[in-house]
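>>> Following is a predicted model, sequence given first.
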Amino acid sequence: MLNRRTAIAAFALGCSAFALAAPASAQTKWNLPAAYPSDNPHSENLVLFAKDVETATSGKLQITVHPGAALFKAPEIKRAVASGQAQMGEVLMSLHENEDPVFGIDVVPFLATSFADSLKLYKASKAAVEKKLDSQGVKLLFMVPWAPQGVYTKKELSTIDDMKGLKWRAYNVGTARLGELLGMQSVTIQAAELPQALATGVVNSFMSSGGTGYDSKAWETLTHFYDVQAWIPKDATFVNKAAFDALDKPTQEAILKASAAAEARGWKMWEEKTNWYLDQLKAKGMKVQAPSAALAAGFKKAGETLTADWLKKAGADGQAIVDAYKKM
């Protein structure tokens, strides 16, 4: 028997040919798969975005958000949109760094660790990201950050050597490479699967934001959060190009206007909620603290190695983006 996700995906695929071709003169219904829980700011922002589009088009275009990887698993979302199985989607952009280094630029360690710098890096890299997505049949609509990334563990960390042997959750190229560098056992786990992985002991450490720790109830199995502020990753929301091009001009403009509003709102939501998440972790009993000088130095050294790796892969184009960012 088909499970729920497979059944929903099959239905969406069956409808996609019609939806891609249908003009927006009649009511058009689209699916927007997303990877995070319904109460995560990313998902809340997507629901507001969908409402804005529906209002602006007087109900001609209705977008249903499917949070929590209910429709497609996180690594499958971009491909689903590119192939027309879903018309829109949202995903952590760095999941696709293996396709092109530009997708991983916001997780280059310690390159942009504040929201202000992260926004500058986004502006410096946006054209390159758009160009790559366009070549894949996908149009970028907007990008929204997470909070700065820290490290969750079940023990105290005095130096980087204390991380050796930990069962480390990896979710992209950068976190997998960090696990390798620091002698940890890396296991690739996406956000929707993290609570179970923690509960069953598949992993006992990971790097992410306060938001992911809160979503996964990290305090039930782990004890420490080190506010390393290694990077600020971003989620991208995009649309199938053919589906977008099939819409009439007013509907296209409504989507673009709602996208601009969602991007501004999303950045504000995460800036406002970052400290709230850390307070929640503390309230649940976790020790939330800055890394010691020795631990911070260890992360910085590892970060330098990861940065060199990224620049080597990205070549002159990647260096040009970094140079442009540093001049802002």
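Nice, thanks for sending it over. Numbering: from 1, shown residues only.

>>> May I have the distance across stretch 102-122, first residue to last?
Across stretch 102-122, the terminal residues are separated by 11 Å (CA to CA, to the nearest Å).

>>> in it, what's buried?
Taking 16 or more other CB atoms under 10 Å as the basis for neighbour counts, the residues of stretch 102-122 that come out buried are 102-109, 111-113, 115, 118-122. Using the backbone N, CA and C atoms, a C-beta is placed for each residue, glycine as well.

>>> Among these, name the ones in helices.
Residues from these lying in helices, with DSSP state H as the criterion: 115, 118-122.

>>> secondary structure element for residue 52?
When secondary structure is defined by DSSP states H and E, residue 52 falls within helix 41-56.

>>> could you say what helices and strands that helix packs with?
Counting contacts by 3 or more CB pairs under 8 Å, 6 or more residues apart in numbering; DSSP states H and E, helix 41-56 is packed against strand 61-66, strand 138-145, strand 234-240, helix 249-283.

>>> How far away from the center of its chain is it?
Relative to the centre of its chain, helix 41-56 is centred 17 Å away, using CA atoms, centre = their mean, to the nearest Å.

>>> just use 17 as the starting number from now, easier for me
Done: numbering now begins at 17, and the last item shifts to helix 57-72.

>>> Averaged pLDDT, that helix. What do you get?
Averaged across helix 57-72, the pLDDT comes to 98.

>>> got a list of what the residue nearest the centre of the chain touches?
For the chain, residue 108 is the residue whose C-alpha lies nearest the centre (CA atoms, centre = their mean; 2.3 Å). Taking CB atoms under 8 Å, 6 or more residues apart in numbering as the criterion, residue 108 is in contact with 51, 90, 187-188, 249-251.

>>> Bridge partners for it, pull those for me.
The residues listed as beta-bridge partners of residue 108 by DSSP bridges are residue 251.

>>> measure it to residue 78 for me?
Look at residue 108 and residue 78: by CB to CB, to the nearest Å, they are 26 Å apart.

>>> just checking, residue 218 touches residue 186?
No. The pair formed by residue 218 and residue 186 falls short of the contact definition of CB atoms under 8 Å, at 11.9 Å.

>>> between those two, which one's more packed in?
Counting neighbours by other CB atoms under 10 Å for residue 218 and for residue 186 shows that residue 186 has the greater number, 21 against 14.

>>> coming back round to it: anything in contact with each of residue 218 and residue 186?
203, 205.

>>> got the contact list for the nearest residue to residue 296 once chain neighbours are set aside?
Excluding its sequence neighbours, the residue lying closest to residue 296 (CB to CB, 6 or more residues apart in numbering) is residue 230, at 5.4 Å. When contacts are counted by CB under 8 Å, 6+ apart, residue 230 touches 293, 296-297.

>>> Does residue 75 belong to a helix, a strand or coil?
Of the three states, residue 75 takes coil under DSSP: H, G, I helix; E, B strand; the rest coil.

>>> burial measure for it, as a count.
A count of nearby residues for residue 75, using other CB under 10 Å, gives 11.

>>> Quick check: which element contains the residue nearest to residue 296?
Under the criterion DSSP H and E, the helix or strand holding residue 230 is helix 226-231.

>>> so where's this structure uncertain?
Flagging of the chain using pLDDT under 70 yields the residue ranges 17-41.

>>> how does it divide into domains?
Using automatic domain parsing, the domains assigned to the chain come out as 20-116+128-161+250-291, 166-247+292-343.

>>> Which single one of the contacts of residue 108 is nearest to residue 146?
Comparing these against residue 146 with CB to CB places residue 250 closest, at 13.5 Å.
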